[in-house]
Structures are given as structure tokens and as C-alpha cells.
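*Asks:* The following block contains a protein sequence and its predicted model.
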Amino acid sequence: MRNSLKSKISVCVLTACVVALSSLAAQSQKKAVLFAPDKGKFTIQLDGQTVGHEEFEISPSSGGWAAQGTTDLKVPDSPATRVTGTLTLQPDGAPVSYEWSSQAEKTNGARILFANGVAKITLQMQGARPFEQNLTFNTPLIAVLDNNLYYQYGVLARVYDWSKRGPQNLPVLIPQELTPGSVTVDSTGSVNAKGKSYDGLRVTTSDLEVLLFLDSNHRLMRLEVPAAKVSVARD
């Protein structure tokens, strides 16, 4: 009788272990597929006129991910500008480092290292000595949304928790402006644009609203900033 009871206990313990391990494996797999390789080109329009293009790529890198893009922009009455940004990420989307450079009448750039919710910024302006500044956030999961680098909204769409949906708040850093803040991301359900159906996200800050149009795999296909009359579409 005792042997039979021991056998039943052993089977129960073994079953519990298998279930626990399966659950951990499922969680690990879920984290591993937060991002997916992506590569493409966006056309940028201002008030219906093409003013630039951005080429971008998101790829695995050193156990995490690297997301980089280069935008060539020519807005009327402004000099031609090339902006490049490279973002490295942990598997959960928390930034590890970010580098940007902007070439117009002058060449400027910066390198940012993220650790424990602190962004350590080294800014290099042409003709000036390097400038350092630290910004502190309450969490390591920070959205990096730089000027004229729209692929970063594609990264944000991956970080958004689609299983929960609803409004989700994140601290945000705009590196070229050295500006911290907060952003709210919320699913808008199915949306249409140019005769096609997409999954929609609304990204809002204190003074800006950005609409994201995503395919069934949550890849960024289109972006609109209604107040600025800006639209960005994947070629």
C-alpha cells in the first residue's frame, strides 16, 4: 500500500515538474519572439509631397536585437539632412545603447548607454567639446523615439503588450533633443488606410499624436502624424 502511495506521489511530482518546465519554456519562447527580423524602406511625405526616404533593418545581435535606420530628408526651405540611428536592445525591448548622427550644415551626434534606468549621454556637436548628461528613469524599459527615424515606432509596436492591449505608458527619450518624457500607446483595433486593413496603434505624448498601421505580424507599414500633415509609408 505504501509503495503504491509513493508511486502515486512520484507521478504527481513528476507531472508537476513537467508542467512547470513546459510553462517556463513557453514563457521563454514568448520572450524570444518579441522581435522578428525586418528590413525595408519608407517614403516620407509632408502635406502630400515626398520629402525623404528611410532605409532600416531590425536583426538579431549578441543575444539581443539591433535596429538601425538612415533617413535622407529634404524639406522646402531647409538644407538636405541625413540622420542615422542605431539602437541595440535586450530581448524584452529595453535599450542597451543608442548612437545617432545628423549631417546637414554641421555634423552632430551622440552616444547613449542605458543601465538600471539611467541614460548616460555623450553629445558631440561640431566645433564644440563633448558634453555629458545623465537622465534617470524609473524603469529600464524606455522607448527611444528620435526625430525623423520612424523605424523606432516599429520597435515600439513590438514592445507593446498585445496580449493585454489597452493604454500602456512608457517613459520616452528623444535623443536629438535630449528630451525625456512619457508616451501612451493604445490599440485602436482594425483600421483602414489606402484601401487596406491594418492593426492600429495610437501613440500620444503631451503635445503629439502618432497613428501606426501594422500588418498581421505587427510590422510597421504606415505612420501618420495628422497635426503635422506627415505620412510615412513602407515601399
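*Replies:* Yep, that arrived.
*Asks:* can we go C-alpha only for contacts and neighbour counts from here?
*Replies:* Will do.
*Asks:* and the most centrally placed residue in the chain, what is it in contact with?
*Replies:* Centroid-nearest residue in the chain: Val155, 2.4 Å away (criterion: C-alpha atoms, centre = their mean). Going by C-alpha atoms under 8 Å, 6 or more residues apart in numbering, Val155 touches 35, 67, 93.
*Asks:* Counting neighbours, what do you get for Arg129?
*Replies:* Arg129: 9 surrounding residues under other C-alpha atoms under 10 Å.
*Asks:* Give me the secondary structure label for it.
*Replies:* coil (DSSP: H, G, I helix; E, B strand; the rest coil).
*Asks:* Count the neighbours of Glu54 for me.
*Replies:* There are 24 residues near Glu54, going by other C-alpha under 10 Å.
*Asks:* could you say what helices and strands the helix or strand containing it packs with?
*Replies:* Secondary structure assigned from DSSP states H and E places Glu54 in strand 49-61. Packing partners of strand 49-61 (3 or more C-alpha pairs under 8 Å, 6 or more residues apart in numbering; DSSP states H and E): strand 38-46, strand 64-73.
*Asks:* and stretch 120-130, which residues are buried?
*Replies:* 120-125 (16 or more other C-alpha atoms under 10 Å).
*Asks:* Considering these, which is situated nearest to Val159?
*Replies:* Nearest to Val159 among the buried residues of stretch 120-130 is Lys120, at 22.1 Å by C-alpha to C-alpha.
*Asks:* Check the average confidence over the longest strand seen in the chain, would you?
*Replies:* Identified as the longest strand of the chain according to DSSP state E is strand 179-193. Mean per-residue pLDDT for strand 179-193: 94.
*Asks:* Could you pull out the buried residues of whatever helix or strand comes next after it?
*Replies:* Downstream of strand 179-193, the first helix or strand assigned by DSSP H and E is strand 196-204. For strand 196-204, a neighbour-count test (16+ other C-alpha under 10 Å) marks 198-204 as buried.
*Asks:* repeat for stretch 35-53
*Replies:* 35, 41-46, 50-53.
*Asks:* rewinding a little: tell me which strands the strand holding Glu54 pairs with, and in which orientation.
*Replies:* Paired with strand 49-61 in the same sheet, following DSSP bridges, are strand 38-46 (antiparallel), strand 64-73 (antiparallel).
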